[in-house]
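K.L.:
This is a predicted model, with the sequence first.
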Amino acid sequence: MSYSVIFEQAKANKEGLRKVYVLVTIDGEKMPRIDTNVKVPSLKNLPKLQETILSKKRNEIENIILDVIYRRGKPVKEEIRMMLDGNGGTGSLSLFWDVLRKSLKGIVSEARLKSIGSAIGHWDAFRPSIKLCDVDETMLNAYRQYLITLKLAVNTVWKYLNCTQTVLNHAVKKKMITSEQFDSYQWPEYVESVATFLTEEEIASFHEQTKNIRLESIKTSGYYFLLSCYAGYRISDSRGFKYEDMVHGDFVALRADKNGKIVSIPIHSRLRNVLDYIKDHEGPKVEQQMRRDVKEIAKLAGITKHVKFHTARHSFAMMLTKNDFSEGEVARFIGDDIRTAKRYAKLWDSNLHKKIIDKLG
């Protein structure tokens, strides 16, 4: 009996990058491909970081196979398959996630899968190749502290731990581990935060300041922020906006990058003014520079709030809410679920606002 561990690449994406998979063959039978989370044009002349990651992944898999051979005296295919899947908790957390992700595709939203993938990615950075059976209360507390040292937002830390809990629960269901190893851990609770948004007057000030900027690159960043203010786009959708593909006469339509939902909105007058500029100016290529430009323009406009690019999306949702759009309508126009729209409704209720003013002056 024999085995082999080789790398193979998928087809190239739009950027010319190809995903790298590990292909394990036991006695001529191929095991399920294992995603390395590495994308490169070619396996030749790899950058040092990618070369190190792939080398560690290959060694991890070979160690699993050699461990089985050492204990059983031969490469038993079914046992190796289970070990690669994380059976008994001796497989790594990341390898188990690679297999689990495939089974959840089409059942769980792409956004949720991305979030879990990010959480596991942070585990890989924190404790490379950590085994499922080693994720206990002590390790979870250490992981949480690691996330805090990265200066992540409170709810981002909550999200990554929540995603970790999801993966562990699936491992328990598959009887790969028992819940006893993390039963005593106190999972953090979600802390609801107040979204930072700009008023219509502040957006108008930002717009006026943007028009007066002479440096075209900064001006363009400002207009793409305004696109999000008047259409509710996330930064990924704003940067990827293509006028000729997404403007259809009197409305704009695109597929949201995060969740794949189709978002369509009529072109109102303020949005039209922004589109008139955007149609001749491609979106900024460097996201971090775009974020910095937006903060600088906000300061120049006299806006003292902590403005991030996502503030534009909050601002659009609040603009709709304050103009008496229903929660369902808000959810539809921002391409999100009703639960998200309710967050904005909590901040503003026109009827209650009127009642307070009428009764209390």
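P.N.:
Noted; the coordinates are in hand.
K.L.:
Starting from the longest strand anywhere in the chain, tell me which strands it pairs with and how they run.
P.N.:
In the chain, taking DSSP state E as the definition, the longest strand is strand 18-26. With DSSP bridges as the test, strand 18-26 is paired with strand 3-9 (antiparallel), strand 29-30 (antiparallel), strand 34-40 (antiparallel).
K.L.:
and these, which one is worst for confidence?
P.N.:
The minimum mean pLDDT among the strands paired with strand 18-26 belongs to strand 29-30 (a mean of 83).
K.L.:
How far does that strand sit from its chain's centre?
P.N.:
33 Å (C-alpha atoms, centre = their mean, to the nearest Å).
K.L.:
can you check stretch 99-112 too?
P.N.:
Offset of stretch 99-112 from its chain centre (C-alpha atoms, centre = their mean): 14 Å.
K.L.:
What are the buried residues along it?
P.N.:
99-101 (16 or more other C-beta atoms under 10 Å). Just so you know, the C-beta spots here come from the backbone N, C-alpha and C atoms, and that holds for glycine as well.
K.L.:
And for stretch 154-164?
P.N.:
Under 16+ other C-beta under 10 Å, the buried positions of stretch 154-164 are 156-164.
K.L.:
which among the residues you listed gets closest to residue 331?
P.N.:
residue 159 (20.3 Å; C-beta to C-beta).
K.L.:
would that closest one count as being in a helix?
P.N.:
Yes - under DSSP: H, G, I helix; E, B strand; the rest coil, residue 159 falls within a helix.
K.L.:
any idea how far it lies from residue 296?
P.N.:
29 Å (C-beta to C-beta, to the nearest Å).
K.L.:
and what of residue 142?
P.N.:
38 Å.
K.L.:
To which secondary structure element type does residue 59 belong?
P.N.:
Criterion first, three-state DSSP; result for residue 59: helix.
K.L.:
Give me the number of neighbouring residues for it.
P.N.:
If you count neighbours by other C-beta atoms under 10 Å, residue 59 ends up with 12.
K.L.:
what separates it from residue 183, distance-wise?
P.N.:
33 Å.
K.L.:
hmm, back to that, flag every buried residue along the longest strand of the chain.
P.N.:
Within strand 18-26, the residues scored as buried using 16+ other C-beta under 10 Å are 18-22, 24, 26.
K.L.:
Any chance of a markdown table for those, columns pLDDT and distance to residue 358?
P.N.:
Below are the buried residues of strand 18-26 laid out as a markdown table (pLDDT from 0 to 100; distance: C-beta to C-beta, whole Å):
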| residue | pLDDT | distance to residue 358 |
| --- | --- | --- |
| 18 | 92 | 64 |
| 19 | 92 | 61 |
| 20 | 92 | 65 |
| 21 | 90 | 65 |
| 22 | 88 | 67 |
| 24 | 87 | 71 |
| 26 | 83 | 76 |
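K.L.:
Which single one of those residues is nearest to residue 5?
P.N.:
Distances from residue 5 to the buried residues of strand 18-26, taken as C-beta to C-beta, are shortest for residue 24 (5.5 Å).
K.L.:
Next, the contact list for that closest one, please.
P.N.:
3-5, 30-31, 34, 61, 65, 80, 84 (C-beta atoms under 8 Å, 6 or more residues apart in numbering).
K.L.:
after the least confident helix or strand in the chain by mean pLDDT comes which helix or strand?
P.N.:
Sorting the helices and strands of the chain by mean pLDDT, DSSP states H and E puts helix 77-84 at the bottom, at a mean of 61. Using DSSP states H and E, the helix or strand that directly follows helix 77-84 along the chain is helix 93-104.
K.L.:
so that next one versus strand 18-26, what angle?
P.N.:
Angle of helix 93-104 versus strand 18-26, following axes from the mean of the first three to the mean of the last three C-alpha atoms, to 10 degrees, is 100 degrees.
K.L.:
Give the rounded mean pLDDT of the helix or strand just after helix 93-104.
P.N.:
Moving toward the C-terminus from helix 93-104, the next helix or strand (DSSP H and E) is helix 110-126. Helix 110-126 comes out with an average pLDDT of 92.
K.L.:
What of stretch 50-61?
P.N.:
87.
K.L.:
Going by neighbour count, list what's buried in it.
P.N.:
Counting neighbours by 16+ other C-beta under 10 Å, stretch 50-61 gives 53-54, 57, 60-61 as buried.
K.L.:
Good, we can wrap up now.
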